[in-house]
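Visitor: When you get a sec, could you give me coordinates for this:
(4 chains)
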Protein chains: 2
Amino acid sequence: MSKQADPDVAACCAPIAARPLGPDQAAVIAPLFKALGDPIRLRLMSMIASVPEICVCDLTPAFDLSGPTISHHLKVLREAGLVDADRRGTWVWYRVRPEALRQLGALLEITAAAGEGRPA
Amino acid sequence: MSKQADPDVAACCAPIAARPLGPDQAAVIAPLFKALGDPIRLRLMSMIASVPEICVCDLTPAFDLSGPTISHHLKVLREAGLVDADRRGTWVWYRVRPEALRQLGALLEITAAAGEGRPA
DNA sequence: CGTCTAGCTTGACAGACATCAAAACAGCCG
DNA sequence: CGGCTGTTTTGATGTCTGTCAAGCTAGACG
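Guide: Residues are numbered from 1 along each chain as shown, chains lettered A, B, ... in the order given. Presented below is the predicted three-dimensional model:
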């Protein structure tokens, strides 16, 4: 376990609207959004984020999908660095990585510089 | 122009971590994240969000991609409801839809309920 | 009307992705 | 050890996506 890509958090902090993202920063951040860009993964993410931690055995039955498919989606979230998992005895427990969530949230903040002050 | 899907903003407001997203809400929101899940689109989005509005003719030369490809990505952003566009004379101008950005930002906020209070 | 420029649409194609079945792996318990 | 449950990996398959070339539309300008 515990094998998730560390997405070089330092590369991005300021909101998307503060100044244009460079190609490198975009290449680092886009995969995080992509990981959330699937309804199943978004629900998984929100289920995991709603509690301190949660067992795969509680996630799988919430979907009309095979076990391997859920496992695949969890792996995507893991490799994006959005969640963390470890096995405890028979079961595997997932929890969210708050930094990653916070980082994305900060990116979407709308600052004074943004398209807010537009007339129409 | 001005043909973007209106993603039923009412369906979601509270952070992802507040409570699990229902399948319907996830189906509405995931496409927004998906639209941001491509490096090119993320850069386009950030370029558009950095100024009140911007002409396609200023976006295209920033990338090593054909015009049609940029146009395709802009269409994806448009149909996701993240940006808005209209033609003014010869040029087409894009601007961000602040509500959409704000909505996504709110979703990623980490509230007291989240995985924060975990011991290790 | 004719033509030029800016941008979009269509068609085609290679690569990526979601899904499942089958097999493998990790712990428990008899 | 041998079987049992829970989870991940592998392989195969159909669908989706990013890209470009070629063709098309909208407006400006004679």
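Visitor: only C-alpha atoms for contact and neighbour calcs from this point on.
Guide: Noted.
Visitor: Quickly find the element holding the closest residue to A:Ala14 other than its chain neighbours.
Guide: Leaving aside its chain neighbours, A:Ala14 sits nearest to A:Leu107 (5.9 Å; criterion: Cα to Cα, 6 or more residues apart in numbering or on different chains). Assigning secondary structure by DSSP states H and E places A:Leu107 in helix A:98-108.
Visitor: chain center to that helix: distance?
Guide: 9 Å (Cα atoms, centre = their mean, to the nearest Å).
Visitor: Pull up the residues of chain A that are close to DNA strand D.
Guide: Contacts of chain A with DNA strand D, taken as Cα under 7 Å from any atom of the strand, map to A:55-57, A:67-72, A:74-75, A:90-92.
Visitor: Next, format these as a markdown table and append distance to B:Ala62, secondary structure and neighbour count.
Guide: As requested, the residues of chain A next to DNA strand D are exported to a markdown table (distance: Cα to Cα, whole Å; DSSP: H, G, I helix; E, B strand; the rest coil; neighbours: other Cα atoms under 10 Å in any protein chain shown):
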| residue | distance to B:Ala62 | secondary structure | neighbour count |
| --- | --- | --- | --- |
| A:Cys55 | 45 | strand | 17 |
| A:Val56 | 44 | helix | 19 |
| A:Cys57 | 47 | helix | 12 |
| A:Gly67 | 43 | helix | 14 |
| A:Pro68 | 41 | helix | 10 |
| A:Thr69 | 38 | helix | 12 |
| A:Ile70 | 39 | helix | 20 |
| A:Ser71 | 39 | helix | 14 |
| A:His72 | 36 | helix | 12 |
| A:Leu74 | 35 | helix | 24 |
| A:Lys75 | 34 | helix | 17 |
| A:Thr90 | 52 | coil | 6 |
| A:Trp91 | 49 | strand | 12 |
| A:Val92 | 45 | strand | 14 |
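Visitor: Next one, pLDDT for the residue nearest to A:Ala14 please.
Guide: pLDDT for A:Leu107: 92.
Visitor: And the helices in chain A, which stretches?
Guide: With DSSP state H as the criterion, chain A has helices at A:23-36, A:39-49, A:56-59, A:67-79, A:98-108.
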